[in-house]
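Student: Next input, structure requested:
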Amino acid sequence: MVYTNTDISPNTSTDKKVEAILKRYKEADNLKAQWKDKFEEAYEYCLPQRESFYDEEAGQKRTDKIFDETAVVGIQEFASRLQAGIVPTFARWANFEAGIEIPEQNVEEVNASLDDITQYIFEVIGNSNFNSEVHEAFMDLAVGTGVMLIEEGDAINPVKFSAIPLPHVCLANGPTNKIDSVYRKRSCKLNEIKVMYPKAEIPKEVMESMDENKKCTILDGVYQIYDEPNVEKFKHCVILLDKKVIIFEEEFDGVGANPYVCFRWNKASGEVYGRGPIFNAMSAIKTTNLTIQLILENAQMAISGIYQVEDDGIVNPDNIQLVPGSLIPIAPNSKGLQPINTAGRFDVAQLVLEDMRANIKKALYMETLGRPEGTPMTATEVAERMADLSRQIGSSFGRLQSEFVIPLLRRVIRILKNQGRIELPVINGREVKVQAISPLARSQYQQDISDINRFHEIIATTFGPQVLNLIVKQDEVAKHIGKLMNIPEKLLRDSTEQEALAQEVQGMAQQGQLEGEGNDVMGSPQGQQGPV
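Tutor: Now for the predicted structure:
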């Protein structure tokens, strides 16, 4: 059975269509309202420089609750570490390979051509603004949900990336329990709409009734349509909320058609918004900030002190300043100012801080490689710790592959294909598949390489090298290890080149053998006798 949108159809009138879209947006906004308090608390303690989820003036101070910077710095490092592990800067972090529907005899040829296309795609990504925008999106991911907008660029930068802050969007699930609707509320001047949406059509009466230089509010919505089975179809609609008129409509279908890529760190079943590592550490973050606040208050009392004075009608406490070199007049036979001892010392706070900061760093994976102290770690130890990190975030890593990496590459491929820059079969998991080769993904492959090496050692030790060569296809093993280690396809010889090289080596060996036999014959001619 196919799910069909009954409230929005091609025959729906414009007014009813606007009403139906606004109704959906209202439902998504009400759903987001249930999360606003949690998100706002995380932003206040961990991302004070980011925009609030509630209305506020630009440049408003948001650091009143920050007394400890462990979480603030930790999110920056978390985003950087995640970027280096999944989408490293100026590096290939995925490969396109022949799928299961490609005939076996054509796999090598297809992989060789896809290798060149992959190289071009990542050159486009590396020269774009992707590396700066993905870091912003990963900081939102630390709270739970990241949103990336991927649009067609210009002749110089074919693809344009934009990290959309979570306060700006409302998300909604569809019948498949996946995010299928994204609503973005924006403010701009009326004369800027044509720049943002070149195909927008603003009614003449609207232009005449509104000031071009005055701010207006628009709703940019992209939602999925389920009127055809096994077809990804989306509708992009822009509404001028001030007049409740549609100024832009567009429908697109196919793989990679959705310009929004929404990805989550973790989530509970049925929920729309994700739960990031910050949620796990929020108790430790609040405790650390409160402890630092109490330490500062205790330090202030220790420095300035608390005093008592006799009220004899002569000494005015309001005129007393406790600064060095000050003279405080007192009445005769008066004790003057008497300091009050504090209730106790606050040294136990250091024990609390150490535990809480350790919990925060563990939640944000800040100490995976340990502190840079003592003897430097070997390459093997670093690889093992990276493998341990991939195991720790295994579920989240898999979710990021399916919700972020693969949709992002599909969207980039669609844009480049529409521009005529590449020729590539449709990425559907059969003709062409996407294989992650990021540092975190390769750390998982290290176990496979270790198993292969261990197998070689056991067979060679037990039965000898000759039996090992009889059992194992060494050329196929070398190719498989090269694939696991992300060795480019063009650096490996194909089967035809291997056969030609083997014949050449065999011919050279035979020629050398014949020359050696000839030298033996010439070196001992008949009739020549050596010395007696």
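Student: Centre-most residue in this structure?
Tutor: The centroid of the chain falls nearest to residue 138 when counting by C-alpha atoms, centre = their mean (4.6 Å).
Student: That one reaches residue 77, doesn't it?
Tutor: No: assessed by C-beta atoms under 8 Å, residue 138 is found out of contact with residue 77, at 10.8 Å. C-betas here are computed from N, CA, C, even on glycine.
Student: average pLDDT for stretch 194-214?
Tutor: The average of the pLDDT scores along stretch 194-214 is 84.
Student: how far does that stretch sit from the chain's center?
Tutor: In terms of C-alpha atoms, centre = their mean, to the nearest Å, the centre of stretch 194-214 is set 36 Å apart from its chain centre.
Student: Next: stretch 30-37.
Tutor: Here stretch 30-37 is found 23 Å from its chain centre; the criterion is C-alpha atoms, centre = their mean.
Student: which parts of that stretch are buried?
Tutor: Going by neighbour count (16 or more other C-beta atoms under 10 Å), the buried part of stretch 30-37 is 31, 32, 35.
Student: Which residues does it contact?
Tutor: 53, 54, 170, 171, 172, 272, 273 (C-beta atoms under 8 Å, 6 or more residues apart in numbering).
Student: could you redo the last one with a cut-off of 6 Å?
Tutor: 53, 170, 273 (C-beta atoms under 6 Å, 6 or more residues apart in numbering).
Student: just checking, the last one touches residue 146?
Tutor: Yep, that's residue 273 we're talking about. No: between residue 273 and residue 146 there is no contact, the gap being 10.9 Å when judged by C-beta atoms under 6 Å.
Student: higher neighbour count, those two?
Tutor: Ranked by neighbour count (other C-beta atoms under 10 Å), residue 273 and residue 146 place residue 146 first, with 28 against 22.
Student: Show me the helices in the stretch 151-300 of the chain, by range?
Tutor: Using DSSP state H, counting those that start in this stretch, the helices found in the stretch 151-300 of the chain span residues 193-196, 204-209, 277-304.
Student: how about the second one: buried residues?
Tutor: What that stands for is helix 204-209. Within helix 204-209, no residue counts as buried by 16+ other C-beta under 10 Å.
Student: Helix or strand: which one has residue 511?
Tutor: Element membership for residue 511, per DSSP states H and E: helix 495-523.
Student: So for that helix, mean pLDDT?
Tutor: Taken as a whole, helix 495-523 has a mean pLDDT of 71.
Student: about what we covered before: I'd like the helices of the stretch 151-300 of the chain laid out as TSV, including distance to residue 179.
Tutor: Output for those, formatted as TSV (distance: least, C-beta to C-beta, whole Å):
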stretch	distance to residue 179
helix 193-196	23
helix 204-209	32
helix 277-304	19
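Student: With respect to residue 131, which of the ones you listed lies nearest?
Tutor: helix 277-304 (22.0 Å; C-beta to C-beta).
Student: Which positions within that closest one qualify as buried?
Tutor: By neighbour count on 16+ other C-beta under 10 Å, the buried set for helix 277-304 is 277-279, 281-282, 284-292, 295, 298.
Student: Looking at those residues, which is nearest residue 357?
Tutor: residue 288 (6.2 Å).
Student: List the contacts of that closest one.
Tutor: Taking C-beta under 6 Å, 6+ apart, we find residue 288 in contact with 68, 356.
Student: and with 8 Å instead?
Tutor: 67, 68, 70, 71, 353, 356, 357, 360.
Student: And for residue 493?
Tutor: residue 501.
Student: which residue ranges form the strands in this structure?
Tutor: 94-98, 145-152, 159-163, 169-173, 179-189, 215-225, 233-240, 245-253, 260-264, 306-308, 338-340, 432-436 (DSSP state E).
Student: between these, which one is nearest to residue 411?
Tutor: The nearest among the strands of the chain, by C-beta to C-beta, is strand 145-152 at 4.6 Å.
Student: State the mean pLDDT of that closest one.
Tutor: For strand 145-152, mean pLDDT is 94.
Student: Tell me where the longest helix sits in the protein.
Tutor: helix 14-46 (DSSP state H).
Student: List the buried residues in that one.
Tutor: Within helix 14-46, the residues scored as buried using 16+ other C-beta under 10 Å are 17-18, 20-22, 24-25, 28, 31-32, 35, 38-39, 41-46.
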